[in-house]
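Asker: I'll drop the sequence and a predicted model, then ask my questions.
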Amino acid sequence: MSEARLLRRPVSAAQSGIWVAQHLHADSPLYNCGGYYEIAGPVDAEIFAEAVRRGVQETEALRSRFAQEERDTDSGPEVTLHQLVEPAEPHPLRFVDLRAASDPEAAAHRWMNARMARPFDLTRGPVSEQALLTLADDLHWYFHGYHHAVLDGFGQSVYATRVAALYSALLAGEEPSPTGFATLDRVVADEAAYAGSRRHTRDRAHWREVFTDLPEPVSLGRASGSTHSLRRHVRTLPTPLAERLPGAAARLGVQWPALALAATAAFFHRMTGGTDFTFSIPLAGRSGRTSLTTPSAMVNVLPLRVRLTSDIRFTELAAQVSRSLADVVRHQRFRGEELIHELGLSGAGQARLGPTVNIMAFAGEPLFGTTPAVTHPLSTGPVNDLKINFYGTADSRTGIRVELDGHHELYGADELAAHCDRLVRVLEWVADSDDESRVSEVEVLEEAEREQILSGWQGASRPVRGASLPQLIAEQAERTPDAV
């Protein structure tokens, strides 16, 4: 394509970091992201295709590829990375008809998994793929796979909402409202202005104060590197539990994300005995209207530190986590990569900041015409150890879903399912707790698991209920050293 038809754009800090990381894993789908929207109703395929075509036309990120440029300077060769935005292709949406398959859902998953496993070429493009999979006349899956260098989860949500709005307007015979998307140079300009600002200086001071030291990362597995090969376990919370959790949050005076994080902290404490650890928290990394309303890749990952003891009341833990989360959000524009460098962790990288907990508060249910679509993520990027995702709210049509992504070398399928059971058990306890409930009361093990550990106990003295998993195992080893 003629260079004259290309628009040259700068890259964000997130894009630069992902570009470098992808080159360390050449020909790997490590940074492939995507998912699908389940539309349980009829779809006008021609209008849907037009909505996607317009959506891509409006979205520079989905028409980008990357190029490096080297130039000589007084201090030597200098390499810069930039984006080249191409004109939209005329037919960006593929159609996959699976109605004749013996098992359309299984066929759809095979098709999507194959696409997600195929690496994107960042220098040649395209770095995004969209398809409408028809499983039945009244069931369609709108698939969107993309490289993390062009979109993050927040940006994808903004884009999908726009496609749904375009489709709905066109289906009603109306001209869609003008797009509010900005060009990528304006998005990156906001970020560049922050880098040299007083706010950046204040944010840096905040993070240096929080992490004068850094606790050892907590894990339920063994240390390893990032991988795209993972095991996934998804659980939809029982409706009665999902309905009680907002009440628990209100009673504690915190929002749902803080409650979910506090429950996860209690879970990790009871599983490991850890009293000082961090979680990696994905953040939008946006603050201005331009970046908040334009699909792009700005995601930032920062640590949330938790300190607790077994006798802490859950009300105190929830309040602490709520305050810490507010601080993380307030200072979220300071790049996680920069913090890792500040802390001297460049060799260890993201894994040093602990397991990932992602509360997808922005993942709604876009309306395609009058039909709400259910969001089904397939991949949100690399997994260092364990990633816990919370989707939806009690008001969502599908309720609250908990999704565990585990490194395939660290977690078997049964083990991941068991960890999910334990986390749900903690959420059940949280929903029924009162102001005096203490974390030491949380039983992460079901009775059969406890009995299995206690079955080899010698003597009449047995540990009381409330002992954490490491306490149980340590006491058993001391009493019956040949049993473990």
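Answerer: Good, I have the coordinates. Residues are numbered from 1 along each chain as shown.

Asker: My guess is residue 374 contacts residue 37. True?
Answerer: Yes. Counting by C-beta atoms under 8 Å, residue 374 does reach residue 37; the two are 6.9 Å apart. Quick note: C-beta positions are derived from backbone N, CA and C, even for glycine.

Asker: Who has more neighbours out of the two?
Answerer: residue 37 (21 against 18; other C-beta atoms under 10 Å).

Asker: from what I can see, the more buried one looks like it's in a strand, true?
Answerer: Yes. Assessed with DSSP: H, G, I helix; E, B strand; the rest coil, residue 37 lies in a strand.

Asker: List the contacts of it.
Answerer: 141, 142, 160, 366, 368, 373, 374, 375, 376 (C-beta atoms under 8 Å, 6 or more residues apart in numbering).

Asker: just residue 367 next, same as before
Answerer: Contacts of residue 367 by C-beta under 8 Å, 6+ apart are 164, 168, 373.

Asker: Could you tell me which of those residues belong to strands?
Answerer: Among the contacts of residue 367, the ones falling in strands (DSSP state E) are residue 373.

Asker: any idea which of the contacts of residue 367 is closest to residue 424?
Answerer: Nearest to residue 424 among the contacts of residue 367: residue 373, at 25.6 Å, using C-beta to C-beta.

Asker: If I look at the nearest residue to the closest one once chain neighbours are set aside, what pLDDT would I see?
Answerer: Nearest residue to residue 373 in three dimensions, chain neighbours excluded: residue 37, at 3.9 Å (C-beta to C-beta, 6 or more residues apart in numbering). With respect to pLDDT, residue 37 has a value of 96.

Asker: which residues pair with residue 37 across the strands?
Answerer: Bridge pairing for residue 37 (DSSP bridges) gives the partners residue 142, residue 375.

Asker: Let me have the contacts of residue 37 in a markdown table, extended by pLDDT and distance to residue 149.
Answerer: As requested, the contacts of residue 37 are exported to a markdown table (pLDDT from 0 to 100; distance: C-beta to C-beta, whole Å):
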| residue | pLDDT | distance to residue 149 |
| --- | --- | --- |
| 141 | 98 | 25 |
| 142 | 98 | 22 |
| 160 | 96 | 18 |
| 366 | 90 | 24 |
| 368 | 96 | 28 |
| 373 | 93 | 26 |
| 374 | 89 | 27 |
| 375 | 89 | 22 |
| 376 | 90 | 23 |
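
Asker: Tabulate those residues (a markdown table), appending distance to residue 202.
Answerer: Formatted as a markdown table, the contacts of residue 37 follow (distance: C-beta to C-beta, whole Å):
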| residue | distance to residue 202 |
| --- | --- |
| 141 | 45 |
| 142 | 42 |
| 160 | 34 |
| 366 | 37 |
| 368 | 43 |
| 373 | 40 |
| 374 | 41 |
| 375 | 35 |
| 376 | 39 |
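
Asker: Can you tell me which of the residues you listed is closest to residue 322?
Answerer: Relative to residue 322, the closest of those is residue 375; by C-beta to C-beta it sits at 25.8 Å.
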